[in-house]
Structure formats: C-alpha cells, structure tokens
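coords please:
(one chain, ligands or ions: 1)
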Amino acid sequence: MYRTGIEAPERVWWKKVGRHEKIWVWIAFAWCMVLFAMMPLWHLRGGQNPSGIRHRVDPAAYQARVLEFVQEYQVGTDNGLPVVEPPPGSDVYLQASQYAWLPVVRLRQGAEYTLHLSSLDVNHGFSLYPLNINFQVVPGYDYGLRIVPNQPGEFHVMCNEFCGIGHHLMVGKIIVEPAGAAVGGSADGLAGGTAGGRSSADADGGANTGGGR
Ligand SMILES: [Cu+2]
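Coordinates of the predicted model:
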C-alpha cells in the first residue's frame, strides 16, 4: 500500500515524555530559579559589597592628594619609601602604580580609618598578605573602604592583578601598631629583614594565589 503526504498521521504520533524525565525538568527549572534569586540576594544581603565610598577621580589629582597626605603625616622612611602615620579616624591614601604601593602606612589597632585606593596607570589588585582581603584598584576611581584594623603586625600589600613586567615586585606594607602602644617615633627600624629578599618571595606567592580571578 502507498502512503502520501496528504494522509494525516495518527493523532499522537510522538512518544510522550516519561514521568521521570518530567520530574527532572522541573527540578532543574526550580534550581535555576533558586540561583536566579540568589544573585540579587547576594547583592543585598551577602555583606560582600564595598564598605565605603566610591567616586571618579583624576589620577593626577589623586597623586597630588597622596603627596599631600605623605607630607602631612610622614614619620620616617622604610627602604626609601615614606612611612606615614595618620591619626585615628582620618582618611588614608594608598596609591598603586607600576610597580609600587605608596606610601607605607602605619595604623592603630582598633581605630577606624577610610582607606582610599586608586591607581595612576593600569588596573592593580589590592590583597593584604597573609589575610584574605582582595580588592580591585582601578585608575580613575577612588575607593574609600572603612576599615578597623583588628590585629597588630606587619602586613604586605600584594598586587594580585597582573600589571606588567615588574608585577611580582609590587609589594607594599601596612603596619598595625597594637592598641595602647606609644604613638609616633621613627619607622626606620621597622624595615628589618622583611622588605628585602623575603618580600619578593611573598610577592610570587601572592601573585600565584591571587591571580586566578
Ligand atoms: Cu600587579
């Protein structure tokens, strides 16, 4: 017998979707909706948004502000870099450029500061070793993070965004004085052995662990 295209096929000629497959489709759909809802939820309730202010800034103006900050509060030098000790509650200006963090900052445990971060040239990444802190440093933008240092010690500021040939050398320093220690004094003695050979090894470690973004 011949069949032609004019004859209609049987009414239900396809195989119906199985019950289990339907269940899986609904589970997958429900999970997609959960993830979809999590995006705004993370933004609003995740506690991961920057804590402070952010606005546009001209890199030259930012550099000038950093120099002003250094002149106002410099207390010494550390391997040729100015060491700056601003009073509690003040604005702290940290400048990223190829391939240095400027200045070295000395803070007080338990005091609140607004830590400003900006770059003069390309994107850099602020990560505080050995803590798990990570922040983008973008030219043209001033990010002011409200911070309260809660543990004393010397912390290395690593660049974790590949920024050029000298990226691995880009190591800065933040010193946190324990609460109750005497304020002021020279920072020359603080350079010690940490700013030389060891810090470049730290920079390699920081670049490897932080560069995966
Ligand atoms: Cu870098």
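
Phe29 sits in which helix or strand?
If you go by DSSP states H and E, Phe29 is part of helix 19-45.

so what strands line up beside the very next helix or strand once past that helix?
Remark: after helix 19-45, the chain's next helix or strand is strand 53-56, criterion DSSP H and E. Each strand paired with strand 53-56, and its direction, by DSSP bridges: strand 141-147 (antiparallel).

my guess is Leu81 contacts Pro103, does it?
Yes. Using Cβ atoms under 8 Å, Leu81 makes contact with Pro103 at a distance of 5.9 Å. C-beta coordinates here come from the backbone N, C-alpha and C atoms, glycine included.

near the ion, which residues of the chain are found?
Contacts of the chain with the ion, taken as Cβ under 5 Å from the ion, map to 159, 163, 167, 170.

neighbour-wise, which one of these leads?
Neighbour tally across the residues of the chain next to the ion (other Cβ atoms under 10 Å): the maximum, 31 neighbours, falls on Cys159.

that residue and His124: what is the separation?
Using Cβ to Cβ, to the nearest Å, Cys159 is found at 5 Å from His124.

which neighbours do those two have in common?
Common neighbours of Cys159 and His124, using Cβ atoms under 8 Å, 6 or more residues apart in numbering, are 96, 170.

show me the shaky parts of this protein.
1-3, 50, 181-213 (pLDDT under 70).

if we use 50, what do you get?
In the predicted model, the chain carries pLDDT under 50 at residues 185-213.
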